[in-house]
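K.L.:
Coordinates only, no sequence provided:
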């Protein structure tokens, strides 16, 4: 009578492509409402106060090239989940956040959030053609196949790196319409990154350098598979260093943490 649905029974499709390596996935919608009172009645009335907020978010292990970064611009994505012989999905969603995490001893992971701009409902499939796009070959990276370009990286060991971008989206609604008429991308796209470095000869910069040397840094990360092919490459345009933190504990070695922001 009671039978749960397990992860191996659920499939995720997007633009005629089946994703692999997903660790968690979430479809969600939230409706805003308020209670109105009227003269001559003791009853209240529930009315919508704002458009329904809808979101898709998932994170995955980076075991092949991440197609999500193709949607940082104005192109929407369509997607669905499939279980119990039924699809549940949407036709249009826009990337709002993307992040990439790399650390010694673990497989790189990415996560993303999408703003959904039409109704999520049963019967919509992200696998609309009979023949799906060819799935890339798995090529699991190791810590030795990740290359990072940032301050002090040449002779010091980078032990962790976080990268993220945020795209500001604004849905535009018209009277009599449930779905947005359009979803604008409001530039610029903002970027952040931080790197954690085991210190050999690195030294902190002068604390006022940010005021003098803005937007002159070269910050990038390339993740390659064990076969040497590039899986993912990300950069921070117009990068500026915003902070440095030098840490030392009685049980560890000197470590430097550097943070950057950028825009483009």
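P.N.:
Everything's here; your move. Keep in mind the model is a prediction, meaning the values are calculated, not measured. Numbers count the residues shown, from 1 in each chain.

K.L.:
part of a strand, is residue 119?
P.N.:
No. Counting by DSSP: H, G, I helix; E, B strand; the rest coil, one finds residue 119 to be coil, located in no strand.

K.L.:
who's in contact with it?
P.N.:
Counting by C-beta atoms under 8 Å, 6 or more residues apart in numbering, residue 119 touches 90, 178, 179. Placement of C-beta: from N, CA and C, glycine included.

K.L.:
Show me those that map onto strands.
P.N.:
residue 90 (DSSP state E).

K.L.:
In ChimeraX, how would I select just the buried ones from the contacts of residue 119?
P.N.:
In ChimeraX, a selection of the buried entries from these looks like this (16 or more other C-beta atoms under 10 Å):
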select :90,179
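
K.L.:
tell me which strands and helices the helix or strand encompassing residue 185 is in contact with?
P.N.:
For residue 185, the enclosing helix or strand under DSSP states H and E is strand 182-198. Packing partners of strand 182-198 (3 or more C-beta pairs under 8 Å, 6 or more residues apart in numbering; DSSP states H and E): strand 86-103, strand 157-172, strand 230-247, strand 255-263.

K.L.:
From the contacts of residue 119, which shows the smallest pLDDT?
P.N.:
Taken together, the contacts of residue 119 show their lowest pLDDT at residue 178, with 84.

K.L.:
OK, contacts around it?
P.N.:
Listed by C-beta under 8 Å, 6+ apart, the contact set of residue 178 reads residue 119.

K.L.:
For it, grab phi and psi.
P.N.:
As for residue 178, its main-chain torsions (degrees, to the nearest 10) stand at phi -80, psi -40.

K.L.:
how close does it sit to residue 74?
P.N.:
21 Å (C-beta to C-beta, to the nearest Å).

K.L.:
what's the answer for residue 40, then?
P.N.:
50 Å.

K.L.:
who does the strand holding residue 185 pair up with?
P.N.:
Looking at strand 182-198 with DSSP bridges, its partner strands are strand 157-172 (antiparallel), strand 255-263 (antiparallel).

K.L.:
Ok, which of those strands comes nearest residue 239?
P.N.:
strand 255-263 (4.3 Å; C-beta to C-beta).

K.L.:
Assumed residue 68 was part of a strand.
P.N.:
No. Counting by three-state DSSP, residue 68 is not part of a strand but helix.

K.L.:
Going C-terminal from the helix-or-strand element of the chain with minimal mean pLDDT, what's the next secondary structure element?
P.N.:
None of the helices or strands of the chain scores lower by mean pLDDT, DSSP states H and E than helix 209-212, at a mean of 68. For helix 209-212, the following helix or strand on the C-terminal side (DSSP H and E) is strand 217-224.

K.L.:
Show me how far that following strand is from its chain's centre.
P.N.:
17 Å (C-alpha atoms, centre = their mean, to the nearest Å).

K.L.:
Same question for stretch 171-179.
P.N.:
Stretch 171-179 sits 26 Å away from the centroid of its parent chain (C-alpha atoms, centre = their mean).

K.L.:
is it true that residue 194 touches residue 164?
P.N.:
No. Counting by C-beta atoms under 8 Å, residue 194 does not reach residue 164; the two are 9.5 Å apart.

K.L.:
Appreciated, that's everything.
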